[in-house]
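build me a model:
(one chain, ligands or ions: 1)
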Amino acid sequence: MMQADTEVHKGLEGVIVTESSVGFVDGQAGRLVYRGYNIETLADNSNYEEVAYLLLYGHLPNAKEFENFRARLRTTMDLNADVVALIKSIAPKAHPMSVLRTVVSFIGAQDQKSNSTDLRDQEEMSLKLMSKLPAIVGTISRASKGQDAIKPDPELSYAANFLYCSTGKRPDKEHEKIMDTCLILHADHGSNASTFSALVTISTLADMYSAVTSAISTLKGPLHGGANELALETIKKVAKPENAEHVLSEMLAKKEKIMGFGHRVYKVYDPRARILKKYAESVTRRNGKEDLFRTAEQMEKVMISKLGEKGIFPNVDFYSGMVYDSLGFDSRMFTPIFALARIAGWTARSLEYIRDNKLFRPKAKYIGEAGPKEYVGIQKR
Ligand code: SDX
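Numbers count the residues shown, from 1 in each chain. Here you go, the predicted structure:
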């Protein structure tokens, strides 16, 4: 019996697949909310560990809860020798996102808890992964340049430890605040592709390491988390504000997508891009790269004049690369930094989903031959 004709929602555009109280993206108003708090409020007042707690547990922690949470993360933040050896063996040749995906999977393979579907064990795996990511991503950054690993410092914050494990220097307050804000801005974002991948994986009652490995694999793509690396490349290719009009016109004429612009949900300016743009302006001015920022600003003007009517504006990936570049990171590290933040949203939403689990299994509309066809032996084909 052939399927009745049903409408196909390619890419699940506009389809609501679950309910969540973790966060909300208002694409028309350009508003991003984590558990009821506007992203601007959290970026101005909070810190990444507090926001991770908020996303995971539904409320901002009091002083005791915050101390216990930080202490819990510190108990598993170190990397064991074979994880460091694995990173050193593959980082010089592989893309940092491929290394990150491999390392998370390797840590999962080592953890006996990864055979459990118990909710408490899934939470344990979430916190263990979150605690290790500053050292993992920092070690990947160093190993890709042939540098030795730096052990994380339990006195430092999540953001500061990532910078310390990457550079070997404890960051000044300004650099720590910039990185911390970037992590807050990237911590969660509704049912984006990588979070959805995590949900599909965890809905089969697979373990959290498997769900996060799915999410990292998905985030790597240039239409998603990989856009920040390519957006900075485009800005450098345009090189001067006066080039923006003709370079972008040429790219658009060839139907090329301009990385860092457009969004499935935001049809107005991405509120995260607004905050990142301010940081990009101040850090590029401080390190004498104002031209880069002026070029980006002109690209924004050109793109909005051409495609603003279609709801195409800068997204989170357009200015973030400039900020990371000014902190000394290679562009290939931009997406792993995205993952370092998004671990909070991936795990918070996965834990929320399995508390009222339903296996994801959508349909595909069959448009092949109805059959049944006769089988013809190979000699007669
Ligand atoms: C992230 O989902 C999330 O929340 C993701 C994220 C998060 O925090 O998790 O916000 C992070 O992934 C941000 C997006 C990063 N990706 C990019 O910057 C890549 C460039 N952007 C595009 O590829 C695109 O805008 C998408 C993929 C982000 C969204 O595209 P859709 O919703 O699938 O829409 P589409 O590709 O069908 O585009 C609709 C029209 C097309 O033109 P027509 O065929 O109708 O003539 O808009 C055009 C597109 O060509 N268009 C663009 C464009 N984005 C859309 N044209 C040029 N440059 C672009 N960037």
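
chain neighbours aside, what residue packs nearest to whichever residue of the chain sits closest to the ligand?
Closest contact between the chain and the ligand, by C-beta to the nearest ligand atom, is at residue 262 (2.3 Å). No exception for glycine: its C-beta is placed from N, CA and C like everyone else's. Spatial nearest neighbour of residue 262, excluding adjacent residues (C-beta to C-beta, 6 or more residues apart in numbering): residue 312 at 4.5 Å.

and the one you found, its phi and psi?
Dihedral pair for residue 312: phi -110, psi 110, per degrees, to the nearest 10.

where do the strands sit along the chain?
Ranges of strands in the chain, per DSSP state E, are 23-26, 31-34, 37-38.

need the residues of the protein near the ligand, please.
11, 189-190, 192, 223-225, 227, 257-265, 310, 312, 315-317 (C-beta under 6 Å from any ligand atom).

report the longest helix in this protein, please.
helix 119-143 (DSSP state H).

which other helices and strands contact that helix?
With contacts taken as 3 or more C-beta pairs under 8 Å, 6 or more residues apart in numbering; DSSP states H and E, helix 119-143 sits against helix 63-75, helix 81-90, helix 96-110, helix 158-167, helix 208-219, helix 334-354.

dump the ones you listed to CSV, plus mean pLDDT and mean neighbour count.
Below are those laid out as CSV (pLDDT from 0 to 100; neighbours: other C-beta atoms under 10 Å):
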stretch, mean pLDDT, mean neighbour count
helix 63-75, 98, 13
helix 81-90, 98, 16
helix 96-110, 98, 20
helix 158-167, 98, 25
helix 208-219, 98, 26
helix 334-354, 98, 26
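
mind putting those helices in CSV, distance to residue 299 included?
Listed next are the helices and strands packed on helix 119-143 as CSV, based on distance: least, C-beta to C-beta, whole Å:
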stretch, distance to residue 299
helix 63-75, 39
helix 81-90, 35
helix 96-110, 25
helix 158-167, 28
helix 208-219, 24
helix 334-354, 17
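
closest to residue 117 out of those?
When those are compared by C-beta to C-beta, helix 334-354 sits nearest residue 117, at 8.1 Å.

quick check: angle from that closest one to helix 119-143?
Per axes from the mean of the first three to the mean of the last three C-alpha atoms, to 10 degrees, the angle that helix 334-354 makes with helix 119-143 is 180 degrees.

ok so, going back, just the mean pLDDT for the longest helix of the chain, thanks.
In this model, helix 119-143 has an average pLDDT of 98.

which positions in it come out as buried?
Of all the residues in helix 119-143, those buried under the rule 16 or more other C-beta atoms under 10 Å are 121-143.

before we move on, what about stretch 232-242?
Buried residues in stretch 232-242 (16+ other C-beta under 10 Å): 232, 234, 235, 238, 241.

which one of these is nearest residue 95?
Scanning those for proximity to residue 95, where the rule is C-beta to C-beta, the winner is residue 232, at 15.5 Å.

wait, the closest one sits on residue 334?
Yes: between residue 232 and residue 334 there is a contact under C-beta atoms under 8 Å: 7.3 Å.

where do the contact lists of those two overlap?
Common neighbours of residue 232 and residue 334 are listed as residue 321 (criterion: C-beta atoms under 8 Å, 6 or more residues apart in numbering).

how many residues are close by the residue lying closest to residue 241 once chain neighbours are set aside?
Computed as C-beta to C-beta, 6+ apart, the closest residue to residue 241 that is not its neighbour in sequence is residue 298, at 3.7 Å. For residue 298, the tally of surrounding residues (other C-beta atoms under 10 Å) stands at 19.

do the one 5 residues further on as well
As a burial measure, residue 303 scores 21 neighbours (other C-beta under 10 Å).

what comes up buried for stretch 169-186?
For stretch 169-186, the neighbour count (16+ other C-beta under 10 Å) marks 171, 175, 176, 178, 179, 180, 181, 182, 183, 184, 185, 186 as buried.

pipe the residues you listed into a markdown table and attach pLDDT per row.
Listed next are these as a markdown table, based on pLDDT from 0 to 100:
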| residue | pLDDT |
| --- | --- |
| 171 | 97 |
| 175 | 95 |
| 176 | 97 |
| 178 | 97 |
| 179 | 98 |
| 180 | 98 |
| 181 | 98 |
| 182 | 98 |
| 183 | 98 |
| 184 | 98 |
| 185 | 98 |
| 186 | 98 |
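
which one of these sits closest to residue 91?
Nearest to residue 91 among those, with distances taken as C-beta to C-beta, is residue 179, at 20.7 Å.

surely that closest one and residue 162 touch.
Yes: if you go by C-beta under 8 Å, residue 179 and residue 162 touch, sitting 6.6 Å apart.

let's have the strands of the chain in JSON lines, adding mean pLDDT and mean neighbour count.
Below are the strands of the chain laid out as JSON lines (pLDDT from 0 to 100; neighbours: other C-beta under 10 Å):
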{"stretch": "strand 23-26", "mean pLDDT": "98", "mean neighbour count": "18"}
{"stretch": "strand 31-34", "mean pLDDT": "98", "mean neighbour count": "20"}
{"stretch": "strand 37-38", "mean pLDDT": "98", "mean neighbour count": "15"}
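
in CSV, list these along with distance to residue 287.
Output for the strands of the chain, formatted as CSV (distance: least, C-beta to C-beta, whole Å):
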stretch, distance to residue 287
strand 23-26, 32
strand 31-34, 28
strand 37-38, 30
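
out of those, which is closest to residue 366?
Nearest to residue 366 among the strands of the chain is strand 23-26; the distance by C-beta to C-beta comes to 32.9 Å.

contact partners of that closest one?
Strand 23-26 has contacts (C-beta under 8 Å, 6+ apart) with 31, 32, 33, 34, 35, 55, 188, 189, 190, 265, 266, 345.
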